[in-house]
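Asker: quick one: sequence plus predicted model below, questions after.
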Amino acid sequence: MGNTSGCTVDDLQAVEMHLWYKKFMVECPSGQLTLHEFKQFFGLTSLDSDADAYIEQMFRTFDMNKDGYIDFMEYVAALSLVMRGKMEHKLRWYFKLYDVDGNGCIDRHELLNIIKAIRAINGSEKNELTAEEFTNKVFDRIDINGDGELSLEEFVAGAKSDEEFMDVMMKSTDLSHIVAMIHNRRNSV
């Protein structure tokens, strides 16, 4: 890129944005990413049904205007949130992602399916609690009013206070392999 010593943060962000746009348009010449292209773009094909449902829910949360596509601005907003967003914003986004039915709370079934999907994508570790055990543990710790549902407030407060739950959420959108892919392809574009 040459000498960047005179560049401002805005200049570097503009360069990065240009590279993201170039990459996006190479991978998606129409300027709109479909669910199928989203799965291929991020290497998330041939998953089991739980993982596939999770990826579809992720796509829907990134599709902010609900038109069935992710355009470049939605793509940048999503990557920026996941990679650089403030924790409070990330937790609100996770809540939206995990609240599959959109009723404003997360029940045990929704969380259980998300945990199963995350493990299907990332794999399970030895001596790890089962998805059911982990879900029960989370609800025991953070469902303050004991109603069997997590409100946004319970979810955010619980995630901030429960390191294990926070770790699982961070792994659920670990995009390090995607960032590496974008970086590697930068030079080939």
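Answerer: Looks like it came in fine. Nothing here was measured: the structure is a model prediction, and the numbers come from that model.

Asker: drop to CA atoms for contacts and neighbour counts, all remaining ones
Answerer: Fine.

Asker: show me the helices in this protein, by range?
Answerer: Per DSSP state H, the chain carries helices over the ranges 9-27, 35-41, 49-62, 72-84, 87-98, 108-122, 131-142, 152-161, 163-172, 176-186.

Asker: is it possible to get CSV of those helices that adds mean pLDDT and mean neighbour count?
Answerer: Putting the helices of the chain into CSV (pLDDT from 0 to 100; neighbours: other Cα atoms under 10 Å) gives the following:
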stretch, mean pLDDT, mean neighbour count
helix 9-27, 74, 14
helix 35-41, 84, 16
helix 49-62, 84, 20
helix 72-84, 80, 16
helix 87-98, 86, 18
helix 108-122, 85, 20
helix 131-142, 92, 17
helix 152-161, 92, 18
helix 163-172, 78, 15
helix 176-186, 50, 13
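
Asker: Ser46: neighbour count?
Answerer: Residues lying near Ser46 (other Cα atoms under 10 Å) number 10.

Asker: for it, grab phi and psi.
Answerer: Here is the backbone geometry of Ser46 (degrees, to the nearest 10): phi 60, psi 40.

Asker: pLDDT wise, what is it at?
Answerer: Per-residue confidence (pLDDT) for Ser46: 76.

Asker: from Phe24, how far off is it?
Answerer: Counting by Cα to Cα, to the nearest Å, the gap from Ser46 to Phe24 is 22 Å.

Asker: check His109 too.
Answerer: Distance of His109 to Phe24, computed by Cα to Cα: 35 Å.

Asker: before we move on, what about Arg108?
Answerer: 36 Å.

Asker: cool, Arg119 as well?
Answerer: 28 Å.

Asker: Val100 too?
Answerer: On the measure of Cα to Cα, Val100 and Phe24 end up 27 Å apart.

Asker: please apply the same query to Thr34.
Answerer: From Thr34 over to Phe24 the distance is 12 Å, taken as Cα to Cα.

Asker: cool, and Glu56?
Answerer: Relative to Phe24, Glu56 is positioned 19 Å away (criterion: Cα to Cα).

Asker: with Glu128 instead?
Answerer: Using Cα to Cα, one gets 37 Å for the distance from Glu128 to Phe24.
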